[in-house]
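Novice: Based on what follows, work out the 3D shape:
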Amino acid sequence: MFKPHKLAIMVTALLGLYGCNTNDETTDNGRPDNALQVLQYVDPLIGTDGLGNVNPAPVMPEGMIQPGPDSWNQANWNGKGSPSDYHHQLAKLSGFSNTHISGAGKGDLNDFAFLPFTGSNTDPVTINKPSELSEVGYYKADLVETGIKAELTATQRVAFHRYSYPAGEDRKVQLDLQHELLEQYGNHSRNIYYKRVSDNAIAGARTSNEWGQWQTVFFYAEFSEPFVDQLLYVDGKLSSDTEVGLADYIGYGETRPRVRDVVTRLNFAKGEQPITMKMAISGTGIEGAMANLRADEHGYRFDQVVQENKQAWAKVLNKFTLEGGSDADKTMFYTSLYRTYIAPFVYQDVDGHYRGMDGKVHQAKPGFTNYSVYSMWDTFRAAHPLKTIIEKERAIDYVHDLLNKYKTGGIMPKWELHSDYTGEMVGYPAVSIIADVIVKYPDAFTPEEIKLALQAANVSANFDLALTNTWVPYQDPWNGDKRFTVMTRHGQYAEQHGYVPANVKYKPEEGGMAQDKYDELVNESVSYGVENAYYDWCIAQLARLAGDKSAENRYLARATTWRAYFDYNPAEYGKYGSTGFMRPKNYDGSWVNNYPSCAIDKNGNPVTPPPGCDINDSSRYDTFWPYRAEHRGQDFTEGNTWQWSWFVPHDIEGLKEVMGGEEKFRKNLDALFTANSNADTSQGDMTGYIGQFVMGNEPDHHVPYLYNWTKEPWKTQEYVDQAVRSFFHPTTTGLIGNEDVGQMSAWYIMSALGFYQVTPGVPVYTSEIPSFLETQIIPSVRVYKRCCFR
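Specialist: Model (predicted):
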């Protein structure tokens, strides 16, 4: 199916697997003294306004703890400043919590919020914004009402807080263990545990139902001085206890709420020295958190931690050296590179214990690492392919970790969060990540591991939902009953019926194949249909490597089901400049309409609906309007057919064919990039328009590069450059959409370097003109001094 264009660059060249004079240095140890200079080009505040949803928390590369500021906005998100809990424009601060998800479209974590204070007022305080400083490995802010200076840094598993108080004031610290759960969406603590271990040590845990369900994080913290007094509030009442709640892990079988709201206020009395706290977390238990802290040898040497954090990041970022380009270009590049190393992050204790997808504690075998926060629907497109170039061993580690998640949980996750199947987003994207790595590095895997990868992919793509009958049912406020979202029935419809019908959920009387509770969330048929066809193609690549011809043929057949959605009708769609679009189809094969013709003119432009013309009344729908955009729950995911008609990365030649040939394919691309940006019923995820191309969300990130499969490849450069220059800026508003846990950053990196992998699973990159005159990449350990891109 896949035929690389003449401008494509073989990945072997990019990886330095031939030529390039490899008789140079063989280690990146001993970097020069100016190695830290690269850090001047990292600004963690980029994108912290608007929709970027990034948090400036200092963090180690792949560090499991991220102490950071949590903005307070009483009018939004139940007090949260954003899904990441920080928004730069907001001056109010609710506390400094120690776990964060940076860049996602939803919020979670934000465990264990500490707030230094004086006197008795523990309300949200105001950050003196001119004093706020965020840089690699360090965050600082002065608090207006109390005059306190708060500083944060981190090692791999330990957060350090340093609070400097005004002279003559009691030095106090509040810990809020409930902290800003989105209760209006049904989120709450299932259990909170707290223990006063000694006069300078505390421990605790929180089990919460939010985006991730029944997830428990444990902590152990020590202070540089003993506290002289403690006020402990349990479910709003003052308590004299030194230990409350239960410290055990609460899994899916637990239905009894325990202690759900705990606040403690510690008084360290007056003094001249700052109060420094060091805190470790664990997913396994208090003992794990304590062991993680005990393994740290920094004592309370806060400044030393900052310096070592910076050195760790310099080692990572110096994998790239850039020549040419402006300082703004370099700042965007290195900040983007920095963000691709925030997640997935290590999520296991220093002794190798971790909690698996089955809720049980496991011991990691030598060489294995458990990771968390896989935003795979986003990151399979560029973030993971980028990792295969600059961090081969880590890319391989991710495959082993994902396969282990399959072994401990019974299915591969779509969007994993602290060992929870969130059931978020479309299809089974883990197979793309796994196939891409194994295709590129087959010798890194045994035949048994490749067969395991095929087994995991096959089980996930054909998951028997009846197995979830043993799970405790609960309503995820975001996605409904988890049993129906961990993996949906779309794939079964595609194989048995040839495509996913649009009316399974809404019109069961018209003949679903297996009408029962598991069809509850069979929707977004076009998005699932075209993406799953690509994922099935990825499974076919695994089957080929595993030597399973029967499975290869089966999934290659499933990989063609995307064709059922394309409505080739130049007479109808010519007014939009296109020959056709991907369109939802009923179970009986008829096309689905999505809009009343009374609300558009003869040229397809929207008009003010006349009386009686309700655009939300599906009984009036008598035409298909390509601008109709949806968030979720109908026929498309976070977009419309303008964006989704191009998601056939594994069969670009086939896409050309159904569109009427290469010339019409190109003209359809032209129509996309020149369409009316203001016509659609835009959703919040749709930002960064060039025509109807949407840079601010993932489905069409590859589309500008498709011009390289036409006779006008220069348009790839034109539109990629326009996107880079228009939507990425080194400012707090410098991201056009959610950063999406490294995906938006990785797209920028690869585009700035001048290449992109349109089809993860095919070791080929297509090119365009880079932003820099010369770039040197140091993959893994070996330095290829004279191997660069011009």
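Novice: What ranges does the stretch 251-400 of the chain have for its helices?
Specialist: Counting by DSSP state H, counting those that start in this stretch, the stretch 251-400 of the chain has helices at residues 286-294, 302-317, 327-339, 376-379, 383-390, 392-409.
Novice: Please identify the most buried of these.
Specialist: Ranked by mean neighbour count under mean count of other Cβ atoms under 10 Å, these are led by helix 376-379, which reaches a mean of 27. To be clear about C-beta, it is placed using only N, CA and C from the backbone, and glycine gets the same treatment.
Novice: Tabulate the helices of the stretch 251-400 of the chain (TSV), appending distance to E653.
Specialist: Formatted as TSV, these follow (distance: least, Cβ to Cβ, whole Å):
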stretch	distance to E653
helix 286-294	52
helix 302-317	39
helix 327-339	32
helix 376-379	25
helix 383-390	21
helix 392-409	28
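Novice: mind putting those helices in a markdown table, mean pLDDT and distance to R583 included?
Specialist: Shown next, in a markdown table, are the helices of the stretch 251-400 of the chain (pLDDT from 0 to 100; distance: least, Cβ to Cβ, whole Å):
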| stretch | mean pLDDT | distance to R583 |
| --- | --- | --- |
| helix 286-294 | 98 | 52 |
| helix 302-317 | 98 | 45 |
| helix 327-339 | 98 | 35 |
| helix 376-379 | 96 | 22 |
| helix 383-390 | 96 | 30 |
| helix 392-409 | 97 | 33 |
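Novice: Of all these, which one is nearest S102?
Specialist: For S102, the closest of the helices of the stretch 251-400 of the chain is helix 327-339, at 7.2 Å, according to Cβ to Cβ.
Novice: Looking at the protein, which helix is longest?
Specialist: If you go by DSSP state H, the chain has its longest helix at helix 525-546.
Novice: list the helices and strands that one packs on?
Specialist: helix 430-440, helix 447-461, helix 490-497, helix 549-558, helix 641-644 (3 or more Cβ pairs under 8 Å, 6 or more residues apart in numbering; DSSP states H and E).
Novice: Any buried residues in that helix, and which?
Specialist: 525-546 (16 or more other Cβ atoms under 10 Å).
Novice: Quick one: end-to-end length of stretch 761-770, please.
Specialist: Terminal residues of stretch 761-770 lie 23 Å apart, using Cα to Cα, to the nearest Å.
Novice: Please spell out which residues along that stretch are buried.
Specialist: Those would be G761, V762, P763, V764, Y765, T766, S767, E768, P770, for stretch 761-770 by 16+ other Cβ under 10 Å.
Novice: want to throw the residues you listed into a markdown table with pLDDT and secondary structure?
Specialist: A markdown table is the format used below for the buried residues of stretch 761-770 (pLDDT from 0 to 100; DSSP: H, G, I helix; E, B strand; the rest coil):
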| residue | pLDDT | secondary structure |
| --- | --- | --- |
| G761 | 97 | coil |
| V762 | 96 | coil |
| P763 | 93 | coil |
| V764 | 93 | strand |
| Y765 | 94 | strand |
| T766 | 94 | strand |
| S767 | 90 | strand |
| E768 | 89 | coil |
| P770 | 91 | coil |
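Novice: Save these as CSV, and put in distance to T687 too.
Specialist: Shown next, in CSV, are the buried residues of stretch 761-770 (distance: Cβ to Cβ, whole Å):
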residue, distance to T687
G761, 28
V762, 29
P763, 32
V764, 30
Y765, 27
T766, 25
S767, 27
E768, 23
P770, 25
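Novice: So Q722, which state does it fall into?
Specialist: Assigned by DSSP: H, G, I helix; E, B strand; the rest coil, the conformation of Q722 is helix.
Novice: Surely it is in contact with G688?
Specialist: No - in this structure Q722 lies outside contact range of G688 using Cβ atoms under 8 Å: 10.4 Å.
Novice: Looking at these two, which is more packed in?
Specialist: G688 (19 against 15; other Cβ atoms under 10 Å).
Novice: Can you report how many residues neighbour D436?
Specialist: Neighbours of D436 (other Cβ under 10 Å): 26.
Novice: What of the one 10 residues further on?
Specialist: Look at T446: counted by other Cβ under 10 Å, it has 9 neighbours.
Novice: With the one 4 residues further on instead?
Specialist: For I450, the count of nearby residues is 20 (other Cβ under 10 Å).
Novice: who touches it in this structure?
Specialist: I450 makes contact with I438, P442, L542, L545, A546, according to Cβ atoms under 8 Å, 6 or more residues apart in numbering.
Novice: cutoff 6 Å now
Specialist: L545, A546 (Cβ atoms under 6 Å, 6 or more residues apart in numbering).
Novice: how far away is it from K414?
Specialist: Counting by Cβ to Cβ, to the nearest Å, the gap between I450 and K414 amounts to 22 Å.
Novice: Likewise for D241?
Specialist: Remark: distance between D241 and K414 (Cβ to Cβ) = 41 Å.
Novice: neighbour-wise, which of those two wins?
Specialist: Just comparing D241 and K414: by other Cβ under 10 Å the higher neighbour count belongs to K414, 24 against 11.
Novice: Please report the distance of that one from G427.
Specialist: 7 Å.
Novice: Now P763. Its backbone dihedrals?
Specialist: With angles defined as degrees, to the nearest 10, P763 sits at phi -80, psi 60.
Novice: from what I can see it touches Y441, true?
Specialist: No - at 9.5 Å, P763 does not count as touching Y441 under the criterion of Cβ atoms under 6 Å.
Novice: count of neighbours near M659?
Specialist: Counted with other Cβ under 10 Å, M659 comes out at 24.
Novice: Can you give me the pLDDT of the residue nearest to it when sequence neighbours are not counted?
Specialist: Leaving aside its sequence neighbours, M659 sits nearest to F665 (Cβ to Cβ, 6 or more residues apart in numbering; 4.7 Å). In the prediction, the pLDDT value recorded for F665 is 99.
Novice: Just the element for F665, please.
Specialist: helix 662-674 (DSSP states H and E).
Novice: can you check R190 too?
Specialist: strand 188-198.
Novice: count of neighbours near H701?
Specialist: 25.
Novice: same deal with E663?
Specialist: Number of residues near E663 (other Cβ under 10 Å) recorded here: 12.
Novice: quick one: low-confidence ranges for this protein?
Specialist: The chain contains residues with pLDDT under 70 at 1-33, 75-82, 180-188, 249-257, 469-484, 503-521, 682-684, 779-790.
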